[in-house]
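**Student:** Whatever this is, show me its structure:
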Amino acid sequence: MNNGIAIYPGLDNTVEENLKLIDFAAAAGITRVFTSMHIPESDHRALKNDIGTLLSAARAHAMEVISDVSPQTLDVLGLKTFTPSKFRMLGITTVRMDYGFSPAEIARISHNNQNIRVQLNASTLTPKLLRELADAKADFSRIDAMHNFYPRVGTGLSESLLVKRNAPLHQLGIRVGAFVTTQDGRRRSPYGEGLPTLEAHRKMNPSHAARHLVALGIDSVILADSLPTDAEIEALGALLDNCVTLEAELLTDEPAVRKLLSHTFTSRVDAARDAVRAQESRIFIAQAHTTIAPAQAAERTRGTITIDNKTAGRYMGELDIMKRSLPADPRVNVCARIVPEDLPLLGCITPGRKFSFVLRSAIASKHDIIEGNDSESEDIPKANAPGADESTKETREEPAS
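**Tutor:** Numbers count the residues shown, from 1 in each chain. Modelled structure (predicted):
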């Protein structure tokens, strides 16, 4: 999955800190770097001095470099007009046409001969603008989109608006990105209140926020702040594309169970009312020539992950995630449970969708197994699933700085 970090020359970090950030991110599997050159609080002299060094470092790792482009950006760089070759020489490979460009100009730039991609502002994009781009013969194969981030508390998007904005883009085959914010690292000035796309993510662990965005259909996630922690970067680098990844507590020390839960699964298309059923789990168990002995038959509360044992006959190896609470069954082993903050993501595992687990190593006590997750709260409504129709009144958000 093409995820990224952000660098802001002339703001917050030293050149050395930014270079170390780029190197570490590349080693962790991060493939994109986002930068902005029209932040009012930036030291423009330092920006001009440092930008070449930093972008060269990113390109040395073959990272995609995304830069905001606006009339202010051209002023900072001393350019009168947008010239693709000038941006290519800097090492910029994708230009985010934030504002100040007409559909005809964006369409023209999409046909440049410098192999520079165009990125649209997904947060403010409307079906009307997409039609105008199509009428202007824009090359959509060289276009993607990225939502805004929102520096001030209370200004981030709602989940429903994000899903609504994504739908027409995905219909055209345009991939969409969004931002998450650090919780333990250095937040970008001047506000220091985080830079999320969704307001609900402002105080959320970025790993969980990123997994939520992917569950909602986002194709790329960027850690937007100045200096996230190593752990936050590594978690983002390990994120799977188009897969609902759930954090779970492992409740057994059985190696065969841990190995089974390390796989990526597909939700069966004939979805059950009470559980998410894995399509491949029985096949994996059969291929491993493994026998699942009866163990830990406990109440199957919502969010519990279960595996059928050998007394279930041909169902041995059946892996389910409970959507509703069910009583204990001696044929079914309770082996793990979804952490409470990830329970809403169950509603995003639609029929045929991939899902996987991030396992916590701690093994709970028998008392914990029996208590489990007894919440019967509803999953994310179907209206918020990727591609769903959403009737929320359209509002225009100002581009973020």
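
**Student:** When you work out contacts or count neighbours from here on, use the C-alpha atoms and nothing else.
**Tutor:** OK.

**Student:** For the nearest residue to residue 146 once chain neighbours are set aside, give me phi and psi.
**Tutor:** Leaving aside its chain neighbours, residue 146 sits nearest to residue 177 (4.4 Å; criterion: C-alpha to C-alpha, 6 or more residues apart in numbering). Main-chain dihedrals, residue 177, degrees, to the nearest 10: phi -110, psi 170.

**Student:** Could you do residue 342 as well?
**Tutor:** Dihedral pair for residue 342: phi -100, psi 0, per degrees, to the nearest 10.

**Student:** Help me confirm that it comes into contact with residue 246.
**Tutor:** Yes - in terms of C-alpha atoms under 8 Å, residue 342 counts as a neighbour of residue 246; the distance is 6.2 Å.

**Student:** Give the residue from these two that has the larger number of neighbours.
**Tutor:** Higher neighbour count among residue 342 and residue 246: residue 246, with 22 against 17, using other C-alpha atoms under 10 Å.

**Student:** ok, that one touching residue 348?
**Tutor:** No - using C-alpha under 8 Å, residue 246 makes no contact with residue 348, being 10.8 Å away.

**Student:** From residue 10, how far off is residue 333?
**Tutor:** 56 Å (C-alpha to C-alpha, to the nearest Å).

**Student:** Of these two, which one has the most company?
**Tutor:** The neighbour comparison of residue 333 against residue 10 (other C-alpha under 10 Å) goes to residue 333, with 25 against 21.

**Student:** How about the backbone phi and psi for residue 334?
**Tutor:** Here is the backbone geometry of residue 334 (degrees, to the nearest 10): phi -90, psi 120.

**Student:** Could I get the contacting residues of it?
**Tutor:** When contacts are counted by C-alpha atoms under 8 Å, 6 or more residues apart in numbering, residue 334 touches 251, 295, 296, 297, 298, 300, 304, 305, 306, 307, 369.

**Student:** For the stretch 201-350 of the chain, which segments are assigned as strands?
**Tutor:** Ranges of strands in the stretch 201-350 of the chain, per DSSP state E, counting those that start in this stretch, are 220-223, 243-250, 265-266, 275-277, 304-308, 319-322, 332-338.

**Student:** In JSON lines, list those along with distance to residue 105 and mean pLDDT.
**Tutor:** Output for these, formatted as JSON lines (distance: least, C-alpha to C-alpha, whole Å; pLDDT from 0 to 100):
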{"stretch": "strand 220-223", "distance to residue 105": "25", "mean pLDDT": "98"}
{"stretch": "strand 243-250", "distance to residue 105": "36", "mean pLDDT": "96"}
{"stretch": "strand 265-266", "distance to residue 105": "43", "mean pLDDT": "97"}
{"stretch": "strand 275-277", "distance to residue 105": "47", "mean pLDDT": "98"}
{"stretch": "strand 304-308", "distance to residue 105": "52", "mean pLDDT": "97"}
{"stretch": "strand 319-322", "distance to residue 105": "50", "mean pLDDT": "98"}
{"stretch": "strand 332-338", "distance to residue 105": "48", "mean pLDDT": "96"}
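
**Student:** Go through those and name the closest to residue 5.
**Tutor:** strand 220-223 (4.8 Å; C-alpha to C-alpha).
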